[in-house]
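Student: Attaching a predicted model along with its sequence, questions to come.
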Amino acid sequence: MSAVRSARLKVDGGIFTDLARVPDLARELEHQGFDAAWTGEINHDPFFPLLLAAEHTSRLDIGTSIAVAFARNPMTVANVGWDLQTYSQGRFILGLGTQVKPHIEKRFSMPWGRPVDRMREFVLALHAIWSTWKDGTRLSFEGEFYTHKLMTPMFTPEPQAFSTPKIFIAAVGEAMTEMCGEVADGVLAHAFTTRQYLHDVTIPAVQRGLQRSARDRDAFEVSCPVFVVTGRDEDEMDASSAGVRKQIAFYGSTPAYRKVLELHGWGDVADELHRLSVLGEWDVMATLIDDEILGAFAVVATIDKLATALKDRCDGVIDRVMPSFPRTLSTDTVIAVLNELRD
């Protein structure tokens, strides 16, 4: 099985959802040479910042990583996606995720069940709605979870000259990942992912989905955040690694991500991390992330070797990467690393 197509690696950045800070940050990301700016849905809406990012940039792709699909319905998401694609002049990527049952039912008061099937239908409904608006086809989508059969001229958005937005879906498990390959344009892998997991689990699942939809690998992108531990000397490297070890320990304590640790033979570490998390022993948990585990989940390299290390991590498994550069890195350093990544 061939892995990732031989195309230029895209390097993306994250953008705050604090609206007052978005214009400056978006301009800075574009100036530094990033390819896209992504928002997440945590304590603010993920779409509003992208309108500002689009207004204050001209080249940068903008996307949600992620917006919670099941907190909404396909029609409302189709409207937002259509408007952002139009306003950004074709630069919007719609990244969707399922969230988990307690949040969907108890925070958003929405139905939960069979998330892979529900997400698949959500994407197909989006395509049906956008086809109606773009091509004038009659809206007649009737599925198990969503039904959209009414669209009059009054409620049809104005035509736009760009393609419909690409849809990326967040996935860790094989079933969701395979579904991504079947109906989506990309997969948003989790930061708690190793190169081996991408190679052995994610890419084969994507390939199976692509085969079902008779599509080539060139039609699909694997996007993945990557932890970065870097610095100019040993002290800076140690300071950088401390925070990353805590992040890895936090994710590793979550049963949903246990399969990643198990693939490497670290199931006992997952058990202990979960036990300590129940006790609230967050600092102790970080001590379980030894150098071997740290190196599997993070790119660990001094600044002068960082670009090469990132290339090695991404080669053959990642099409677009969002490295978690420490905030202490200067703009000139970030620009230099990005330029070297593209050489």
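Tutor: Done, it's in.

Student: and V226, what helix or strand is that in?
Tutor: In the assignment (DSSP states H and E), V226 maps to strand 221-229.

Student: buried sites along that strand?
Tutor: E221, V222, S223, C224, P225, V226, F227, V228, V229 (16 or more other CB atoms under 10 Å). (Glycine included, C-beta is placed from N, CA and C.)

Student: residues in contact with the fourth one?
Tutor: Taking CB atoms under 8 Å, 6 or more residues apart in numbering as the contact definition, C224 lies against L188, A189, H190, A191, T193, L198, C314, V317, I318, R320, V321, M322.

Student: Give me the subset of these lying in helices.
Tutor: C314 (DSSP state H).

Student: circling back: let's have the buried residues of strand 221-229 in JSON lines, adding pLDDT and distance to V260.
Tutor: JSON lines is the format used below for those (pLDDT from 0 to 100; distance: CB to CB, whole Å):
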{"residue": "E221", "pLDDT": "97", "distance to V260": "21"}
{"residue": "V222", "pLDDT": "97", "distance to V260": "15"}
{"residue": "S223", "pLDDT": "98", "distance to V260": "17"}
{"residue": "C224", "pLDDT": "97", "distance to V260": "12"}
{"residue": "P225", "pLDDT": "96", "distance to V260": "14"}
{"residue": "V226", "pLDDT": "97", "distance to V260": "14"}
{"residue": "F227", "pLDDT": "97", "distance to V260": "13"}
{"residue": "V228", "pLDDT": "97", "distance to V260": "18"}
{"residue": "V229", "pLDDT": "97", "distance to V260": "18"}
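
Student: Show the average pLDDT along stretch 266-280.
Tutor: With pLDDT averaged residue by residue, stretch 266-280 scores 96.

Student: got it, and stretch 129-137?
Tutor: 96.

Student: And for stretch 164-175?
Tutor: Computed over stretch 164-175, the average pLDDT equals 96.

Student: how far does that stretch sit from the chain's center?
Tutor: Taking CA atoms, centre = their mean, to the nearest Å, the mean C-alpha location of stretch 164-175 is offset from the chain mean by 8 Å.

Student: Convert it to PDB, retaining C-alpha atoms only.
Tutor: C-alpha atoms of stretch 164-175 as PDB (Å, rounded to 0.1, in the frame of the first residue of the first chain):
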ATOM      1  CA  THR A 164     -18.300  23.900  -2.200                       C
ATOM      2  CA  PRO A 165     -16.100  23.700   1.000                       C
ATOM      3  CA  LYS A 166     -13.900  20.700   1.600                       C
ATOM      4  CA  ILE A 167     -15.100  18.600   4.500                       C
ATOM      5  CA  PHE A 168     -12.600  17.100   7.000                       C
ATOM      6  CA  ILE A 169     -13.700  14.800   9.800                       C
ATOM      7  CA  ALA A 170     -12.000  14.200  13.100                       C
ATOM      8  CA  ALA A 171     -11.300  10.500  13.600                       C
ATOM      9  CA  VAL A 172      -9.200   8.100  15.800                       C
ATOM     10  CA  GLY A 173     -10.900   4.800  15.500                       C
ATOM     11  CA  GLU A 174     -10.800   2.700  12.300                       C
ATOM     12  CA  ALA A 175     -14.600   2.800  11.500                       C
END
